[in-house]
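Trainee: Build me a structure from this.
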Amino acid sequence: MLDDKNNYFSLFNLKVAFILDEDYLDKTWRDLSNLAHPDRYVGFSKVDQSASVRLMSFINEAYYNLRNPIKRARYICELNGIDFDNADSFNDSNFLLEQMELRDLLTNIIEQRNIEALDIFIKELQNKKNIRFELLSVFLDKSSDYRKASIVIKELMFLDKIMKEALDYKQL
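Mentor: Down below sits the predicted model:
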C-alpha cells in the first residue's frame, strides 16, 4: 500500500474515487506541471534540477493513471490491498467463453473485410465497457468491494485489448 503523501489522488487534491472531475484533474495537472517543469529550474543546482525531473515524472505518472479509467480503478484497488501481479488467475468461465466468442467474431470480420460489421462490433464492445464502468463506480465508490472491482477490471483489460485490435484494423 502507498502512503498518503505518495498517493496520486492526494497529489491532485482529489478524494479517492472512481468517478472524478476530469476537467479539474486536467487543470490541476497543467498547474502542477507549470510549477514543477524542469525548464523552470535551469539556473538552479543539480540537486534542484534532479528533484524537478523526479517530481515532474511523478506528476505525469499520476495524471496518466488517473486519466485512464481502467488504470484509475486498478490503482484504487491496489491502494486497498489488491495485488494484480500476484492475484489468482481469472476463472470466470462465462467471461472466458465470451472472450473466445469475441475473438472469433473479430477474426471473422477481419477475414471478410467487413467494415460495417467492424463498426457494429466496436460499438458493442464500447457498450460492454460502459456497463463495466458503471459496475466499477458501484464497487469502488459505493460498496468498496475491491475484489469484485478487480474482476471487472480484468474484464475491461481484455475488452480494451480487443477494442484496440479492432480499431487498429479499422485504421488500415
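
Trainee: And the helices in this structure?
Mentor: 8-11, 22-36, 46-67, 69-79, 93-112, 115-136, 146-171 (DSSP state H).

Trainee: Let me have these in a markdown table, extended by mean neighbour count and mean pLDDT.
Mentor: (C-beta placed from N, C-alpha, C; glycine too.) Output for the helices of the chain, formatted as a markdown table (neighbours: other Cβ atoms under 10 Å; pLDDT from 0 to 100):
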| stretch | mean neighbour count | mean pLDDT |
| --- | --- | --- |
| helix 8-11 | 19 | 96 |
| helix 22-36 | 14 | 97 |
| helix 46-67 | 15 | 96 |
| helix 69-79 | 20 | 97 |
| helix 93-112 | 13 | 94 |
| helix 115-136 | 15 | 97 |
| helix 146-171 | 17 | 95 |
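
Trainee: Setting the sequence-adjacent residues aside, check what's closest to residue 148.
Mentor: In this structure, residue 148 finds its nearest non-sequential neighbour in residue 139, 4.9 Å apart by Cβ to Cβ, 6 or more residues apart in numbering.

Trainee: how about the one you found, what does it touch?
Mentor: Neighbouring residues of residue 139 by Cβ atoms under 8 Å, 6 or more residues apart in numbering: 145-146, 148-149, 152.

Trainee: what would the helices of the chain look like in JSON lines with distance to residue 85?
Mentor: Shown next, in JSON lines, are the helices of the chain (distance: least, Cβ to Cβ, whole Å):
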{"stretch": "helix 8-11", "distance to residue 85": "18"}
{"stretch": "helix 22-36", "distance to residue 85": "26"}
{"stretch": "helix 46-67", "distance to residue 85": "16"}
{"stretch": "helix 69-79", "distance to residue 85": "10"}
{"stretch": "helix 93-112", "distance to residue 85": "20"}
{"stretch": "helix 115-136", "distance to residue 85": "20"}
{"stretch": "helix 146-171", "distance to residue 85": "12"}
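
Trainee: if I pick residue 152, what's in contact with it?
Mentor: By Cβ under 8 Å, 6+ apart, residue 152 lies in contact with 73, 132, 135-136, 139.

Trainee: what's the distance between it and residue 39?
Mentor: From residue 152 across to residue 39, the span is 41 Å (Cβ to Cβ, to the nearest Å).

Trainee: List the contacts of the residue in the chain sticking out farthest from the centre.
Mentor: For the chain, the largest distance from the centre (Cα atoms, centre = their mean) belongs to residue 43, which lies 36.8 Å off. Contacts for residue 43 (Cβ under 8 Å, 6+ apart) come out as none.
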